[in-house]
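Chemist: 3D model of this:
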Amino acid sequence: MGRILCRASFLLSIFAQSHAAAFLPPVGRPNAAAPARWLSRRSRCPTCMIAQVDDDSDSSIAASGGGDEAALLRSMTFTSLDSTTEPQLLADFLIELGACSTAITDHDRDTPDEIPIFREPDLTEDWAVVCGDAAVGTNVWRRCDVTAHFPSTFDLRNVAEMVKDTFDFPDTPQYDVDDVPDRDWVIHVQSSWKPIVVAGFALRFPWHTDEDVAEAVANANGGDQPNVDTAQLRLEGGIAFGTGEHPTTRLCLGFLKDAVEKHEARKVLDYGAGSGVLGLAACALSEEVEAIGVEIDVDAVRIADLNALTNNLNMRSYLPPAKLLSDGGDSESASVMMRGQVRAENVESLPQKWDGPIFDACAANILAGPLIGLAGTISSMVRPGGRLGLSGVLKNQAEKVVEAYSEYFEHVEVAGEEGGWVLITGTRAAN
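Modeler: Numbers count the residues shown, from 1 in each chain. Take a look at the predicted model:
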C-alpha cells in the first residue's frame, strides 16, 4: 500500500473516482508502462523535445515490444533517487516537459531493503518520499524511481539534459528507457486476471468463461477437483471496492461462511458494502439469507445493487441514515456522504425498518479509524447473540478496535490474521 504515486493530467478525473490504477501495468520494468490508449499528448509539449537525431540515438529506438505491436510510447525511468533530488518535484517537471503520465515507485520494493513502516516515522531523517495513507498512517521510502511516459517522437536525451540543468545535478542522472507496445491494455490485463477462489466462493468477472472458473476452482483444490462445491458470484467491473483479492475480504468471507452455516445467520448486515461482495456471498450460501448493505458512496450502492440483480440474490444496499451526518464520526466519511447526497437520485437511505437491532450477523470491512467511530452505530443494529466480524484492521491497530467494541459485544478477540491484517469477532451482549 502506498508504494506508487501516479500523476497524469489526462487521468486525474479517472483516478479521482475509480481504482483505474489497478489496470495500469507496473512501471519501471521492461515493456511496461501506462496504457497508450488512455493517454493523449500534452498540447503544450515543447517542440524542442521532438526527436531530430540519428538512428543510433536512444531516442529513435524502433518499437517492438514483441510481434507486430509498435510502441507509441516509451517509458523513461530515473532510478535510485534520494531526498536531495526532490522526486515529487521531478515528476511534476516531467509532466510540464510533455510526459503523458508519471509514476513514483519505491526503488527498494520487493527486495530485502524494503521495510514497511506501520507507524509514524521520524521525519527528521532524509526520506525520499513521505506520503499519507488512510490505512496505515504515513509511508516512507528511502529511495525511489520516477518513471515518465513520453510519445516515441521525444528526444529523451534532451529531456535528461534539461533535468540535469534545471535541478543543478553535477552529471546527467541515470535513467532507463523501455518501449511500450501499442495494445489494448484492458484486454491485456483481463487476460491475466483469473477468477478468485476463496473460502468456498468463486468470484468471477464478466469476461470469465465457465471453463476459466472450473480451472480456477481445480487449481485452488490441488488441481484435480474442478467440481468441488463452490458458490459462484459474478461481479461487474466498477469503482466499488471489493473483489475478494485483499486479505481483509478473504477474512470476512470466512467469517460469513461460519456465521451462516454454523450459527444459522439469516439476516446479514454488510456495513461498508462496496461492491456488495460480502453480503452477496452470505446470500449465495443459503436461499434463506437476506442481506442489507450500507455504504456511504452513491456509485458503490448502485454497483452493489447491480451485482445483486446479476446474481439473482436477496440483497439490497442503501446509504446510511442521514442522522449519521450529525452524530459525529470521521470527517472523511461525512464529506463523502454529503457529496453523495447531491447525486443520490434513485438511491435510498437506510429505511427505518432496517435501522435497529435485527441482524443475526454483521460484517464490516472498512478501516480501523472509521470502525472505532461506528462502534455504537453497528452495535445498535445487531441483535443480542448476533455475530460480529470486523476487518480492514492492521495487527497493530487491533487492540484499540477490540477495546471500542468490547463495550457492546462479548468475547471480542482477534480470530484470524493474514498478511498483517486481522479479523476481529464478537457476540452481541444482551444489553
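
Chemist: number of residues surrounding the closest residue to Glu287 other than its chain neighbours?
Modeler: Of all residues not flanking Glu287 in the chain, Asn314 sits nearest, at 7.8 Å (C-beta to C-beta, 6 or more residues apart in numbering). Placement of C-beta: from N, CA and C, glycine included. Applying other C-beta atoms under 10 Å, we find 18 residues neighbouring Asn314.

Chemist: who touches Asn314 in this structure?
Modeler: Residues in contact with Asn314 (C-beta atoms under 8 Å, 6 or more residues apart in numbering) are 283, 287, 289-291, 308.

Chemist: can you turn the buried part of those residues into a ChimeraX selection?
Modeler: The buried residues among those can be selected in ChimeraX (16 or more other C-beta atoms under 10 Å) with this line:
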select :283,289,290,291,308
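
Chemist: with pLDDT, secondary structure and distance to Val382 added, can I get the contacts of Asn314 in JSON lines?
Modeler: Shown next, in JSON lines, are the contacts of Asn314 (pLDDT from 0 to 100; DSSP: H, G, I helix; E, B strand; the rest coil; distance: C-beta to C-beta, whole Å):
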{"residue": "Cys283", "pLDDT": "96", "secondary structure": "helix", "distance to Val382": "18"}
{"residue": "Glu287", "pLDDT": "94", "secondary structure": "coil", "distance to Val382": "23"}
{"residue": "Val289", "pLDDT": "97", "secondary structure": "coil", "distance to Val382": "15"}
{"residue": "Glu290", "pLDDT": "97", "secondary structure": "strand", "distance to Val382": "15"}
{"residue": "Ala291", "pLDDT": "97", "secondary structure": "strand", "distance to Val382": "14"}
{"residue": "Ala308", "pLDDT": "95", "secondary structure": "helix", "distance to Val382": "22"}
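
Chemist: and the furthest pair within the contacts of Asn314?
Modeler: Glu287 and Ala308 (13.9 Å; C-beta to C-beta).

Chemist: hey, where'd the helices end up in the chain?
Modeler: 12-17, 87-97, 156-166, 185-192, 210-220, 247-261, 277-285, 298-311, 331-342, 368-373, 375-379, 398-405 (DSSP state H).

Chemist: the ones you listed: which one's closest to Pro351?
Modeler: helix 298-311 (13.5 Å).

Chemist: list the buried residues in the closest one.
Modeler: Under the neighbour-count rule (16+ other C-beta under 10 Å), helix 298-311 has 298-308, 311 buried.

Chemist: of these, closest to Ser152?
Modeler: Closest to Ser152, out of all of the buried residues of helix 298-311 and judged by C-beta to C-beta, is Asp299, at 36.1 Å.

Chemist: give me the pLDDT for that closest one.
Modeler: As predicted, Asp299 sits at a pLDDT of 86.

Chemist: ok, back up a step: got CSV for the helices of the chain, with distance to His149 too?
Modeler: As requested, the helices of the chain are exported to CSV (distance: least, C-beta to C-beta, whole Å):
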stretch, distance to His149
helix 12-17, 15
helix 87-97, 9
helix 156-166, 11
helix 185-192, 12
helix 210-220, 31
helix 247-261, 31
helix 277-285, 33
helix 298-311, 28
helix 331-342, 31
helix 368-373, 35
helix 375-379, 44
helix 398-405, 40
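
Chemist: nearest to Arg74, of these?
Modeler: Across the helices of the chain, closest to Arg74 is helix 156-166 (C-beta to C-beta), at 7.0 Å.

Chemist: buried stuff in the closest one?
Modeler: 156-160, 162-163.

Chemist: please list all residues in contact with the closest residue to His208 other than its chain neighbours.
Modeler: In this structure, His208 finds its nearest non-sequential neighbour in Pro195, 5.2 Å apart by C-beta to C-beta, 6+ apart. By C-beta under 8 Å, 6+ apart, the contact list for Pro195 reads 202-205, 208, 212-213, 216-217.
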